[in-house]
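> Curious how this folds, go ahead:
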Amino acid sequence: MIAVERALEIVLSHVSSLPAEEIDFADAPGRILREEVAADTDLPPFRRSAVDGFAVRARDTASVPARLKLVGSIPAGTYPEFRIGPGETASIMTGAPVPEGADAVQMVEQSREGDDGIVLLSSVAPGQNVAPQGSEIRRGEVVLKSGTRLDPAAVAVAATVGRTRLSVGRRPGVSVAATGDELVHPSETPGPGQIRNSNGFSLRAQCRSIGIEARYLGVARDTEASLREFIERGLESDVLLLSGGVSMGRYDLVEKVLEDLGIKILVDAVALKPGKPLVFGVGDDGKLVFGLPGNPVSTMVTFELFVRTAFARLEGAPDPVREILQARLLASLSNRGPRRAYFPGWLRAGDEGELVAEPIPTKGSADIVAFSKANALLIVAEGQDRLESGERVSVYPLDSFLHKEDRWLAAKNPA
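Numbering: from 1, shown residues only. Next comes the predicted model:
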């Protein structure tokens with residue numbers, strides 16, 4: 001049994017980035033950039049008005065009200081062919097080029113129409129409400145770095161600098177299979193000793209949440225022949241995810257079948273709760289296999305910590321390990337045994353702006369309902385028996401930390 005960090009180190013040392021591919025920039029959100037993108041022009045490319053108003057010489061507004069002659073109008077998308085002289089002004093729209101001669105723009109709210117022009121009601125300083133050419137970025141400067149996971153703002157940047165094709169990391173092909181004679185399809189009513197298969201579908205959902213459409217193979221039975229058939233099919237993909245069959249029981253045959261098929265097992269137990277019986281192996285051709293524990297919460301937690309991280313490295317992320325946050329604990333946590341424990345919790349901003357974490361009561365690694373209410377995992381370190389309310393706790397934020405809004409805490413809905 002090895003430490004979480006050591007297991008992750010082993011996984012990442014055997015994961016190489018897949019080749020890059022070129023895609024349309026509009027399809028880029030969620031992908032990892034594999035090139036640097038530079039600006040092809042200054043931004044803004046000209047002196048730009050930051051407001052709707054009037055382009056002026058600042059010194060002409062030193063004494064107010066200032067009466068100025070209106071000599072033109074500058075809508076966005078046009079370039080003025082006139083200049084602003086003494087005592088003159090031109091109406092200008094937000095984003096339009098500031099004409100020669102003008103060194104400031106006064107907001108339209110600070111003006112009124114006069115008998116023979118425009119009256120400005122307050123003064124402006126030189127440069128006020130004007131964005132100088134190149135004040136945001138200079139031509140040739142890098143605007144998107146290689147290794148960036150692209151988001152909607154990055155798409156806007158690519159559009160702004162004219163990069164309609166981007167080189168990104170190829171996403172891995174993934175196959176998912178559950179194992180176990182006790183499993184039936186979720187649409188079926190379980191018979192005696194049976195349970196519905198949630199792991200196969202949760203793994204597909206976790207893959208989909210990061211943009212990977214995994215191929216679902218179904219449920220392998222607890223025989224070497226069935227497991228061999230499923231695993232051989234799964235090894236057609238870059239990554240095979242299995243759930244169940246990796247513990248020490250009589251019917252836990254996954255490791256044996258993997259080794260028979262030439263998979264080198266590099267990890268087979270991690271000092272982690274939930275998720276101790278984690279298997280990671282690599283084939284001679286570089287195919288990756290993760291054998292995840294059979295309990296639903298263990299499956300999801302080990303995917304978060306290890307599989308998600310490996311996927312990010314496959315796509316080209318230089319630092320794929322998710323940052324651990326710190327929060328103030330709102331209730332005590334107990335951890336029995338020497339393994340590092342990950343508990344479901346709710347992470348939010350406290351009254352004073354600090355992060356606070358509320359544990360969600362759970363019955364253990366089979367309690368998927370409790371886990372479904374969490375937006376974070378609260379970590380109790382190896383050998384630490386208890387964390388008291390008010391102490392600092394390390395927190396692994398789940399994706400739902402940013403978008404889960406129901407706040408349906410188990411603490412308020414005790415089982």
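
> Rank the helices and strands of this structure by mean pLDDT and give me the bottom one.
Least confident element among the helices and strands of the chain, by mean pLDDT, DSSP states H and E: helix 400-403 (a mean of 81).

> Off-centre distance for that helix?
Distance of helix 400-403 from the chain centroid (Cα atoms, centre = their mean, to the nearest Å) equals 10 Å.

> And Ser389, how close does it get to Ala357?
In this view, Ser389 and Ala357 are 10 Å apart by Cβ to Cβ, to the nearest Å. For the C-beta atoms, the positions are set from N, CA and C on the backbone; glycine is no exception.

> more neighbours, those two?
With neighbours defined as other Cβ atoms under 10 Å, Ser389 and Ala357 compare such that Ala357 has more, 29 against 12.

> Tell me the buried residues in the least confident helix or strand of the chain?
By neighbour count on 16 or more other Cβ atoms under 10 Å, the buried set for helix 400-403 is Ser400, Phe401.

> Overlap of the contact sets of Ser389 and Ala357?
The overlap between the contact sets of Ser389 and Ala357 (Cβ atoms under 8 Å, 6 or more residues apart in numbering) consists of Leu329, Leu330.

> So what touches stretch 198-207?
Here stretch 198-207 makes contact (Cβ under 8 Å, 6+ apart) with 174, 176-178, 186, 213-214, 216, 218-219, 241, 243-244, 292, 294, 296, 299-300, 303-304, 307-308, 311, 368.

> Selection in PyMOL covering whichever of those are buried, please.
Listed next is the PyMOL selection for buried residues among these, using 16+ other Cβ under 10 Å:
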select buried, resi 174+176+177+178+214+216+219+241+243+244+292+294+296+299+300+303+304+307+308+311+368
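
> Point out the ones among the contacts of stretch 198-207 that are inside strands.
Val174, Val176, Ala177, Ala178, Tyr216, Gly218, Val219, Leu241, Ser243, Leu292 (DSSP state E).

> With distance to Pro277 as added columns, please give these in TSV.
Shown next, in TSV, are those (distance: Cβ to Cβ, whole Å):
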residue	distance to Pro277
Val174	21
Val176	18
Ala177	17
Ala178	15
Tyr216	22
Gly218	22
Val219	19
Leu241	15
Ser243	11
Leu292	9
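
> And those, which two are furthest apart?
Using Cβ to Cβ, the ones in strands among the contacts of stretch 198-207 reach their maximum pairwise distance at Val174 and Val219, which is 17.1 Å.

> surely Leu8 meets Val321?
Yes: at 6.9 Å, Leu8 counts as touching Val321 under the criterion of Cβ atoms under 8 Å.

> got any residues that touch both of the two?
Listed as contacting both Leu8 and Val321 by Cβ under 8 Å, 6+ apart are Thr309.

> who has more neighbours, the two?
More neighbours surround Leu8 than the other of Leu8 and Val321, with 20 against 14 (other Cβ under 10 Å).

> show me the contacts for the more buried one.
Contacts for Leu8 (Cβ under 8 Å, 6+ apart) come out as Leu305, Phe306, Thr309, Val321.

> JSON lines please, covering the residues you listed and showing pLDDT and distance to Val130.
Output for those, formatted as JSON lines (pLDDT from 0 to 100; distance: Cβ to Cβ, whole Å):
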{"residue": "Leu305", "pLDDT": "97", "distance to Val130": "51"}
{"residue": "Phe306", "pLDDT": "98", "distance to Val130": "52"}
{"residue": "Thr309", "pLDDT": "97", "distance to Val130": "47"}
{"residue": "Val321", "pLDDT": "95", "distance to Val130": "44"}
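
> In TSV: the residues you listed, plus distance to Val56.
Formatted as TSV, the contacts of Leu8 follow (distance: Cβ to Cβ, whole Å):
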residue	distance to Val56
Leu305	60
Phe306	62
Thr309	56
Val321	54
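
> Buried ones among these?
Buried members of those, scored by 16+ other Cβ under 10 Å, are Leu305, Phe306, Thr309.

> Please identify the buried residues of stretch 27-35?
Going by neighbour count (16+ other Cβ under 10 Å), the buried part of stretch 27-35 is Ala28, Arg31, Ile32, Leu33, Arg34.

> And it, how far out from the chain middle?
Mean-position distance between stretch 27-35 and its chain equals 12 Å (Cα atoms, centre = their mean).

> Check what contacts it and list those residues.
20, 23, 144-152, 154-155, 158, 166-169, 171, 210-211, 312, 315-317.

> What pLDDT is listed against Leu409?
You'll see Leu409 listed with a pLDDT of 50.

> Apologies, that question was intended for Ile368.
Note on Ile368: pLDDT of 94.

> How about it: what's its closest non-neighbour residue?
Pro296 (4.1 Å; Cβ to Cβ, 6 or more residues apart in numbering).

> Could you measure from that neighbour over to Leu329?
25 Å.

> For Phe230, which three-state class applies?
At Phe230 the chain is in helix, as set by DSSP: H, G, I helix; E, B strand; the rest coil.

> and the closest residue to it other than its chain neighbours, what are its bridge partners?
Leaving aside its chain neighbours, Phe230 sits nearest to Ala220 (3.9 Å; criterion: Cβ to Cβ, 6+ apart). Counting by DSSP bridges, Ala220 forms beta bridges with Thr179.

> Right, I'll leave it there.
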